[in-house]
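Peer 1: Here's my sequence, what's the structure:
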Amino acid sequence: MRPLTPDESRPLSKAIKQGNAKEQTTLTMTQISACINKKNITVILFSLKLSIPSFTSTTIPIHRHFSLESFQETCPNNDQHPKPMLKSTSRHQQQQAIVSLVKSSTHKPHLLQIQAHLTRSSLLQNPKFSLFFLSSLCSSRDLRYARLFFSQIKNPSSSQYNTLIRAYSSSNSPKEAFFLYREMRQKGLKPDPISFSFVIKSCVKFRSVFCGLQVHGRIIRDGFLSDCLLLTTLIECYSSFASRDDACKVFDEMSQKDTVAWNVLISCYLRNGRTKDVLMLFDNMKNEGVCEPDDVTCLLVTQACANLGALEFGEKVHRYIKERGYGTARNLSNSLISMYSRCGCLDKAYDVFKGIGEKNVISWSAMISGLAMNGFGRDAILAFEEMRKTGVIPDEQTFTGLLSACSHCGLVDEGMEFLNQMSKEFGIMPNVHHYGCVVDLLGRAGLLEQAYRVIMSMKVKPDATIWRTLLGACRIHGHFTLGERVIEHLIELKAQEAGDYVLLLNIYSSTGNWEKVSELRKFLKDKGIQTTPGCSSIELKGIVHEFIVDDVSHPQKHEIYNKLDEINKQLKIAGYVVETTSELHDLGAEEKANALSYHSEKLALAFGVLVTRPGTTLRVTKNLRICIDCHNFAKFLSGVYNRQLIIRDRTRFHHFRDGHCSCNDYW
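Peer 2: Predicted coordinates:
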């Protein structure tokens, strides 16, 4: 078929210009189909541009990537289209023009036209053009269209498979990436590190550790164990599945470890609750001297210090941040505010806050939350008012901190006012965390039925945490009837844990209902529900020491127990009496007192008194809620031994000084 000459294309353009849209499309595509070949691409592309006038306002003009040199003459005024004249260009230049056009097109109407040209000109099977076109389809997020186009390629290459695997790995259908990887192997194509990397990410996304193990085995078999980036992805994979040992094994097998690999392993430990080991990894990383910790490392380690209450180690990391010049990074400063606040060191948190040049909403929210968790509710509200004066708009986290401040300080009216204000004035709909703070606020005030009504009237579905908050309030106020109702809701959510039943046991035992205690204990035994042992940690000289109840694993166990016996004698002289309601077994008074004597927080405090100078502040972190007896024990110890004690349990901070607690009671 003879191609159209430039002179013949002019009447065609004129006819298109005068006709209606439907006729334009029909006429243009008919003529184009008749003249497509490999020598008149410029004329075709210009005609394609004329054929889609309805898209010109919203899509990229299809001819824009061709220079004016492609035209021998232009129109005399702006009301006319330029007259296309095919310039003598090489085959390579024409192909480059198509590649450039493919790269720049993301709108489906353009892509459809380009595909039609690739199909008719037999360029579809050319790996160069099909790969670029497939990449454009994946960039447009139309994976259904991309998969259809991919199926038309007779012998797809590894690069083409990788392109589609990558797109599926970040889509809502990550399993397709694994199926494509399997198909790729069946066709005899050898995956490269890029293939493996995105297949691993897809396995993580659709939560299949078995598929991840298969891919890991193939990586070993294909000899890619020297690829640092690929092994780092594997570490991240095992980390997401809480397979800490497997992640460590991959890390140890790496021939060269870069900073990213260290950070992924540290993140793995942090994610799996091995926060104490995070501090060890930071020290190892520094001591090896091969890779220096970067700002991401410091961010992860400060989070670990916050979780552990490891103030001394956190201060060491802060000094490192200053030495390396990371101090201007706002995200690190925000993390330091949170770390110091959670270690009960508000003065240093405020120093970091003052040093931030431009405080954003995260900075203000971190400071407000820090004041709240340390019992300075009124100051948190004042900080919120100051934040508004500076023009910073509060977000969800800001109101979580505010409501928490009201909860810890018993500001019921203020808390309910903030709950209404956040939606009416700022358009922020309360989420489950906001309602959780309100339930905690009402529970602390003894308004248990009102708290229950708040949960039942929530516009969002209540989660297990909010029911546990109410269950804790029932335990404090001895409301076992409501406590039983709360347990029923947790069972409906299939979210009940051993700790929930322990709280119910506390309610029954505090009211002397030993028959119910016996029934519940039998239920736990029959169901095989194991309770989480209480664990308390205390940091001294940068080392974190952990204790459980009746712990005998510490090297200084004999000295610790002797010191604890001495403390108990001194506290009894001062008026301390064991709170036997904290013991959940039906025992005699003396037996209960003995059972309560060696709780984990008491051992941690005794160790602190043993190895520190008089007057040193002791900071203890516990994974569970502190019992009433240990709370009273700490209160008396602070007065008798002239110590400031800060105990952070699962729910809040307890500050003890001169025989008093900042929260005034067990709450």
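Peer 1: could you give the mean pLDDT of stretch 556-573?
Peer 2: The pLDDT scores in stretch 556-573 average 93.
Peer 1: Now do the buried residues in that stretch.
Peer 2: 560, 561, 563, 564, 567, 568, 571 (16 or more other CB atoms under 10 Å). The way it works is simple: take the backbone N, C-alpha and C, and place the C-beta from them, glycine included.
Peer 1: tell me the contacts of the residue nearest the centre of the chain?
Peer 2: Nearest residue to the geometric centre of the chain (CA atoms, centre = their mean): residue 271, 9.6 Å. Contact partners of residue 271, counting by CB atoms under 8 Å, 6 or more residues apart in numbering, are 239, 240, 242.
Peer 1: how about it, phi and psi?
Peer 2: Backbone geometry at residue 271, expressed as degrees, to the nearest 10, gives phi -70, psi -30.
Peer 1: Begin at 54, not 1, for the rest of this chat.
Peer 2: Sure, I'll start counting at 54 from here, so that last one is residue 324.
Peer 1: Which pLDDT value does the model give it?
Peer 2: At residue 324, pLDDT is 86.
Peer 1: gap between it and residue 341?
Peer 2: Distance, residue 324 to residue 341, by CB to CB, to the nearest Å: 23 Å.
Peer 1: Repeat that for residue 617.
Peer 2: Distance of residue 617 to residue 341, given as CB to CB: 39 Å.
Peer 1: and what of residue 693?
Peer 2: Using CB to CB, we find residue 693 at a distance of 46 Å from residue 341.
Peer 1: higher neighbour count, the two?
Peer 2: Set side by side, residue 693 and residue 341 show more neighbours around residue 693, with 16 against 11, by other CB atoms under 10 Å.
Peer 1: Contacts only, for that one.
Peer 2: 623, 624, 627, 712.
Peer 1: Serialize the residues you listed to TSV and add fields for distance to residue 466 and secondary structure.
Peer 2: Below are those laid out as TSV (distance: CB to CB, whole Å; DSSP: H, G, I helix; E, B strand; the rest coil):
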residue	distance to residue 466	secondary structure
623	42	helix
624	38	helix
627	38	coil
712	31	coil
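Peer 1: Which of the residues you listed sits closest to residue 516?
Peer 2: residue 712 (38.2 Å; CB to CB).
Peer 1: Please enumerate the strands of the stretch 554-703 of the chain.
Peer 2: Counting by DSSP state E, counting those that start in this stretch, residue ranges of the strands within the stretch 554-703 of the chain are 588-593, 596-601, 671-675, 698-701.
Peer 1: Next, format these as JSON lines and append mean pLDDT.
Peer 2: Formatted as JSON lines, these follow (pLDDT from 0 to 100):
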{"stretch": "strand 588-593", "mean pLDDT": "92"}
{"stretch": "strand 596-601", "mean pLDDT": "91"}
{"stretch": "strand 671-675", "mean pLDDT": "92"}
{"stretch": "strand 698-701", "mean pLDDT": "90"}
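Peer 1: Out of the ones you listed, which is closest to residue 453?
Peer 2: strand 698-701 (17.7 Å).
Peer 1: And the residue nearest to the centre of the chain, how far from residue 357?
Peer 2: Using CB to CB, residue 324 is found at 11 Å from residue 357.
Peer 1: same deal with residue 450?
Peer 2: Applying CB to CB, the value for residue 450 to residue 357 is 21 Å.
Peer 1: Surely residue 368 is in a strand?
Peer 2: No: checked against DSSP: H, G, I helix; E, B strand; the rest coil, residue 368 lies outside a strand; its state is helix.
Peer 1: Now do it, the pLDDT please.
Peer 2: Predicted confidence (pLDDT) for residue 368: 95.
Peer 1: Need the nearest residue in space to it, chain neighbours excluded.
Peer 2: Spatial nearest neighbour of residue 368, excluding adjacent residues (CB to CB, 6 or more residues apart in numbering): residue 401 at 7.9 Å.
Peer 1: What is the burial count for the one you found?
Peer 2: Neighbour count of residue 401, defined by other CB under 10 Å: 18.
Peer 1: Show me the contact partners of the host helix or strand of it.
Peer 2: Residue 401 is part of helix 399-407, with elements assigned from DSSP states H and E. By CB under 8 Å, 6+ apart, the surrounding residues in contact with helix 399-407 are 368, 386, 389-391, 393-394, 412, 416, 419-420, 423-424, 427, 429.
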